[in-house]
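K.L.:
sequence? don't have it. structure:
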């Protein structure tokens, strides 16, 4: 492989010196969900067994091939929290995280089996938190805080517009 | 490289036989925009010089590293139509296209320099179409049709909810 700008392209890419095949590297999609109790009074969070260990997060992970975004978010909830979710079709947020080269899509959902959620291999523990119990100082990432605040503010809205934020390289963010 | 399921994983991946490094392959993000005239009576489309050649599309392409989604869509409009856009921050649609392993994000925008748009290297021609002139039978992809219909229906709405659709493997689609 060598680094060069292919014909008609605007960026430097890794190109095979034998077959001229271009290796495109693009941002990845992280899918996530805010899993609510049926009465919307509680939200399911997982305490991470992977870095940042011990912080609390919503279920989230990389979208896999042959998987739609919302189903991917539900799969993560199954893997991390043994939670079965009812999908809502409601997109809560789209975050562009430039520093990590991620586009994060966060959906709203409802937990079906609230009494039997339990930690998966990537979680130390899981818990349905009342809104006033959420450990705001121990959340895993800024995006988790942003989307929980957005969800809480819109709990009783019939129309939830997606929250669109771009995290810039200097750590600040632009908001729409 | 060999194909195997890494420890703790649920999927078969390409893994380096020497260093055990896993090569993850994930869906890519396509960013697109519906560029309107200031009075919203016209929409900018490009006639493709690349497959499917001769069909009409909205500006669209793969999101690049270190680029946020809406800026990526604006870049595509510059490259394909020499169009300078005013971003709106409004997300019109999120499509999961399983067959192509794509997540498509489509934004609303306004064309600044309507009189001077012109075809870029990937376009045969570009045109600001009145809504009743749009070549519905000659659009490049179903997603272009879906989002143009969605935009037209919501031209005068103050609240535009994103249209979320999942294209299934059998060609049908699920809609929220």
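P.N.:
Cool, got the structure. Just so it is clear, the model here is predicted, and its values are computed rather than measured.
K.L.:
measure the residue nearest the centre of chain A to residue A:10 for me?
P.N.:
If you average the C-alpha coordinates of chain A and look for the closest C-alpha using Cα atoms, centre = their mean, you land on residue A:32, 3.3 Å from that point. When distances are taken as Cβ to Cβ, to the nearest Å, residue A:32 and residue A:10 turn out to be 31 Å apart. For the C-beta atoms, the positions are set from N, CA and C on the backbone; glycine is no exception.
K.L.:
In space, what's closest to the residue nearest to the centre of chain A - neighbours in sequence excluded?
P.N.:
Nearest in space to residue A:32, with sequence neighbours left out and distances taken as Cβ to Cβ, 6 or more residues apart in numbering or on different chains, is residue A:60 at 3.5 Å.
K.L.:
ok, now residue A:91?
P.N.:
Distances taken as Cβ to Cβ, 6+ apart place residue A:162 nearest to residue A:91, at 4.9 Å, with adjacent residues excluded.
K.L.:
Tell me, how many residues neighbour that neighbour?
P.N.:
When neighbours are counted by other Cβ atoms under 10 Å in any protein chain shown, residue A:162 registers 22.
K.L.:
Wait, it touches residue B:162, no?
P.N.:
Yes. Under the criterion of Cβ atoms under 8 Å, residue A:162 is in contact with residue B:162, at a separation of 6.0 Å.
K.L.:
what's the overlap in contacts for the two?
P.N.:
A:91, B:91 (Cβ atoms under 8 Å, 6 or more residues apart in numbering or on different chains).
K.L.:
now the biggest strand by length in chain A: mean pLDDT?
P.N.:
Secondary structure of chain A read by DSSP state E shows that its longest strand is strand A:85-97. Averaged over strand A:85-97, pLDDT sits at 96.
K.L.:
just the strands in chain A please.
P.N.:
With DSSP E as the criterion, chain A has strands at A:2-4, A:13-15, A:22-23, A:28-36, A:42-48, A:56-57, A:60-62, A:85-97, A:102-111, A:123-130, A:163-167, A:173-175.
K.L.:
and the ones you listed, which one is worst for confidence?
P.N.:
Ranked by mean pLDDT, the strands of chain A bottom out at strand A:173-175, which scores a mean of 76.
K.L.:
Counting by contacts, list what that one packs against.
P.N.:
Here strand A:173-175 is seen to pack against strand A:163-167 when contacts are counted using 3 or more Cβ pairs under 8 Å, 6 or more residues apart in numbering or on different chains; DSSP states H and E.
K.L.:
partner strands of the strand it packs on, parallel or antiparallel?
P.N.:
Paired strands of strand A:163-167, with direction, are strand A:85-97 (parallel), strand A:173-175 (antiparallel) (DSSP bridges).
K.L.:
quick one: buried residues of the longest one?
P.N.:
Same thing as strand A:85-97. Within strand A:85-97, the residues that qualify as buried by neighbour count (16 or more other Cβ atoms under 10 Å in any protein chain shown) are A:85, A:88, A:90-97.
K.L.:
Taking the chain centroid, which residue in chain A is the extreme one?
P.N.:
Summary for chain A: using Cα atoms, centre = their mean, the residue whose C-alpha lies farthest from the chain's mean C-alpha position is residue A:18, with a distance of 38.7 Å.
K.L.:
of all the residues in chain A, which ones are close to chain B?
P.N.:
Among all residues of chain A, those adjacent to chain B (criterion: Cβ under 8 Å from any Cβ of the partner chain) are A:8, A:10-11, A:24-29, A:62-71, A:79, A:89-91, A:94, A:96, A:98, A:101, A:103, A:105, A:121-122, A:159, A:161-162, A:164, A:166, A:169, A:174, A:176.
K.L.:
can you do 7 Å?
P.N.:
Those residues of chain A that sit near chain B, judged by Cβ under 7 Å from any Cβ of the partner chain, are A:8, A:11, A:25-29, A:62-66, A:68-69, A:89, A:91, A:94, A:96, A:98, A:101, A:103, A:105, A:121, A:159, A:161-162, A:164, A:166, A:176.
K.L.:
Many thanks, have a good one.
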